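In: sequence first, then the predicted structure, then my questions.
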Amino acid sequence: MTNDEEILHVEHVIERLVVRYPDLPRETVEKIVHSAHAHYANGKVRDFVPLLVERNAREMIQGLALS
């Protein structure tokens with residue numbers, strides 16, 4: 001996966017999470033997703049990064065909902 005493809009996939013993650021959590025401001029979702037994405041910045045295998053980013057971001061959002 002190229003860097004451009006990865007960024008596009010991450011943008012799709014943002015869109016899915018904005019739809020799934022309409023009560024959260026878009027900016028909050030974007031910050032959470034970009035934070036999750038930054039966690040994998042140094043990983044060598046990039047194929048599953050969007051999936052992992054979405055999973056981590058969803059967990060962070062659900063944690064916000066519980067607090």
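Out: Done, it's in.

In: quick one: the helices in this protein, in order.
Out: 3-20, 26-39, 49-66 (DSSP state H).

In: ok, the most centrally placed residue in the chain - contacts?
Out: Nearest to the geometric centre of the chain sits Val33, at 3.1 Å (C-alpha atoms, centre = their mean). Residues counted as contacts of Val33 (C-beta atoms under 8 Å, 6 or more residues apart in numbering) are 10, 13-14, 17, 53-54, 57. Every residue, glycine included, has its C-beta placed from N, CA and C.

In: in the chain, where is pLDDT below threshold?
Out: Residue ranges of the chain with pLDDT under 70: 67.

In: repeat that for 90
Out: 1, 43, 45, 63-67 (pLDDT under 90).

In: adding neighbour count and distance to Val29, write the contacts of Val33 out as TSV.
Out: Shown next, in TSV, are the contacts of Val33 (neighbours: other C-beta atoms under 10 Å; distance: C-beta to C-beta, whole Å):
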residue	neighbour count	distance to Val29
Val10	19	12
Val13	21	9
Ile14	19	6
Leu17	20	5
Val53	24	12
Glu54	20	11
Ala57	25	8
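
In: between those, which is nearest Asp4?
Out: Val10 (10.8 Å; C-beta to C-beta).

In: mind listing what the closest one touches?
Out: 33-34, 37, 49-50, 53.

In: now render these as TSV, adding distance to Glu6.
Out: Formatted as TSV, those follow (distance: C-beta to C-beta, whole Å):
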residue	distance to Glu6
Val33	12
His34	13
His37	8
Val49	6
Pro50	7
Val53	9
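
In: Pro25 versus Pro50, what's the distance?
Out: Using C-beta to C-beta, to the nearest Å, one obtains 22 Å as the distance from Pro50 to Pro25.

In: for the contacts of Val10, which one is nearest Asn3?
Out: Taking the contacts of Val10 together and measuring to Asn3 by C-beta to C-beta, the closest member is Val49, at 10.4 Å.
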